[in-house]
Structure formats: C-alpha cells, structure tokens
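1. Please work out how this folds:
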Amino acid sequence: MTDDAFDALLTFVEDELAFATSHYNDSYLDRRVSSRMRRTRSDTYADYLELLRADADEQQALLEAMSINVTGFFRNPDVWAGIREVIRSLTAANETVRVWSAACADGREPFSVSMLAHDDPDIDESSVRVLGTDISEPALETARNGVYEESRTVDFHDQLSFLDDYTDYVEQDDRIYRIADDVKRTVTFERHDLINDDPKTGFDLVICRNLFIYIDNEYKEPMLRTIARSLRKDGYLVIGKAETIPPTLKSAFSVRDARLRIYHREPLETNRLSREQSQSNT
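-> The predicted structure follows:
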C-alpha cells in the first residue's frame with residue numbers, strides 16, 4: 001500500500017464520484033476507506049480502487065461511509081441549554097425564526113430544535129422553522145421519515161431525557177422511535193453540500209457541529225464564510241465544542257459563549273461580506 005495508490009483512489013472518488021476528498025483530513029478519509037476495504041476484503045488501496053471502478057454499489061457504499069453521520073438527539077446537553085437561550089431571545093424579537101441545521105446526518109439535530117421549541121413555554125414554537133441539510137440522500141430519507149431504530153449502542157431514552165417528558169414528541173414502540181407529526185411539521189430537509197454549494201439566505205441561527213474537525217484548515221474559512229453569508233445580521237452560529245473560528249474570521253463573529261462555542265454574527269461584517277460576494281459575482 002503506497003501513498004500513490006491512496007492518492008489515486010482519492011482522485012477517483014473526487015473526479016468520478018464528485019465527493020470533495022481534497023477538503024477532508026487524510027486521516028479521516030483513510031479510516032473510512034480502510035473500513036470499506038475490510039468489508040470487501042481488499043488487501044491494498046490498488047485492489048480496492050479496481051473494485052470501486054467496477055462496482056456501482058460499492059461506490060455508493062463508500063460515499064455513505066465518507067459522509068459524516070455521527071449524531072444524536074440533544075447531543076451535549078449543556079450546549080442545548082445554550083441553544084435554548086438563543087432561541088428564546090430570537091423568538092422574543094422576531095415574528096419568524098429560521099434555523100439551519102447544516103450537515104444534519106439523519107435528522108436528529110433539527111428534530112431536537114423543533115422538540116425544544118415545542119417544549120419550552122418561553123419559546124413560540126409556531127414562529128420557528130427548521131431546515132436540515134446533508135450531502136447524504138439515504139440519511140435525508142431517514143430524516144424525512146422521522147423513524148429511528150434503537151441499537152445496542154444507542155440509548156434514545158437517555159438522549160431524549162434532556163426534555164422533562166419527551167413522549168409528547170416521540171412515539172415509542174419497543175426499540176422504534178417515531179417523531180410526532182407536530183414536530184415534523186416545522187422541519188424540512190434538502191440536500192446541500194456546504195463545501196461546494198452556494199450560501200443559504202435569511203437564517204437567524206445556524207447549527208453546524210463537529211464537521212470542521214474533519215476538514216483541512218485551508219477549507220474551514222470558505223465554509224464558514226458560506227455560513228456567515230447565510231445568516232441575517234445579528235444571527236447566531238453554534239459549532240462543535242472541539243472546534244474554533246479561524247483568526248481571519250474573528251471580525252465576522254463575536255463570542256457569545258466561548259465554552260459552548262456559540263457565536264454572534266457581527267452586522268458590519270455581514271454587510272462587508274455581502275459586498276465581497278456581489279463583487280465576486282460581477
């Protein structure tokens with residue numbers, strides 16, 4: 001197994017399968033590729049590439065393996081306590097509050113936002129609209145269905161215990177959990193590639209947690225600029241607790257809670273970035 005063989009494999013995935021491998025850490029990609037190699041009993045990168053070229057099902061399986069799908073309901077409850085305060089302040093000041101859960105995997109994060117809005121008496125849930133996006137179509141299909149099967153390694157009851165009584169929002173049948181229609185009604189899903197696709201517009205809160213730890217440093221800034229352009233002035237950004245805002249973007253975001261990685265969008269920087277975007281499109 002040589003570096004050249006690994007590079008050839010990644011080039012194939014980027015050029016032929018349209019997955020931006022160049023944006024991700026090699027260590028992350030190697031873990032995902034090696035997992036598929038073990039499943040297919042491929043001894044070398046070259047062997048696996050030969051299989052990949054010939055097998056469309058394996059191409060899809062690799063793309064799914066490379067998609068970042070680590071998620072959960074109310075992951076890191078202390079962060080969700082901070083998100084609760086942000087949404088409270090937003091709903092108090094706005095008739096409509098738009099939340100974007102970027103890289104949402106199978107939808108548990110955007111559904112958590114909706115459940116939180118329904119559960120908190122200080123939040124007007126009728127004003128909250130949530131968009132969940134991901135690059136994985138199978139993950140989005142699970143999200144749209146809103147049906148989750150508990151495994152031996154996942155305890156949904158523990159995840160949902162952030163709420164005093166989650167049974168109003170989730171129907172449980174043994175190990176099957178179904179999101180209630182009232183919760184699903186305020187959440188929509190669509191495919192979006194944060195690396196390659198255009199910014200969104202008009203969001204008050206963007207939650208993008210635990211994606212940037214897998215991304216090479218040179219690509220973090222353009223992705224965060226995409227998020228910045230998607231936020232309304234005075235909007236908020238929540239990233240993972242192990243992630244940071246690059247120094248070059250310190251003027252775009254001020255810290256609301258450093259420990260929880262909650263940032264506030266600077267209005268003046270929003271205007272400057274909009275001008276930069278307009279100039280780049282002319």
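
2. Got the phi and psi for the residue nearest to residue 94 when sequence neighbours are not counted?
-> For residue 94, ignoring the flanking residues on the chain, the nearest one in space by C-beta to C-beta, 6 or more residues apart in numbering is residue 204 at 6.6 Å. (Each C-beta comes from the backbone N, C-alpha and C, glycine too.) In terms of degrees, to the nearest 10, the main-chain angles of residue 204 are phi -90, psi -30.

3. how about residue 204, what does it touch?
-> 90, 94, 97, 98, 99, 231, 232, 235, 236 (C-beta atoms under 8 Å, 6 or more residues apart in numbering).

4. Would you mind measuring from the second one to residue 127?
-> Residue 94 sits at a distance of 7 Å from residue 127 (criterion: C-beta to C-beta, to the nearest Å).

5. cool, and the fourth one?
-> Applying C-beta to C-beta, the value for residue 98 to residue 127 is 10 Å.

6. So which of the two has more stuff around it?
-> Taking neighbours as other C-beta atoms under 10 Å, residue 98 and residue 127 compare with residue 98 leading, 22 against 17.

7. just checking, the more buried one touches residue 207?
-> No. Residue 98 sits out of contact with residue 207 when judged by C-beta atoms under 8 Å, with a separation of 11.9 Å.

8. so who does residue 77 touch?
-> By C-beta under 8 Å, 6+ apart, the neighbours of residue 77 are residue 162.

9. Could you pull up phi and psi at it?
-> Torsion angles, degrees, to the nearest 10, at residue 77: phi -50, psi -30.

10. Tell me the secondary structure at residue 263.
-> Per DSSP: H, G, I helix; E, B strand; the rest coil, the local secondary structure of residue 263 is strand.

11. what's the burial count for it?
-> Using other C-beta under 10 Å, residue 263 has 26 other residues around it.

12. Which strand residues bridge the residue nearest to it when sequence neighbours are not counted?
-> Spatial nearest neighbour of residue 263, chain neighbours left out: residue 253 (3.9 Å); criterion: C-beta to C-beta, 6+ apart. Beta-bridge pairing for residue 253 (DSSP bridges): residue 265.

13. Perfect, I'm done here.
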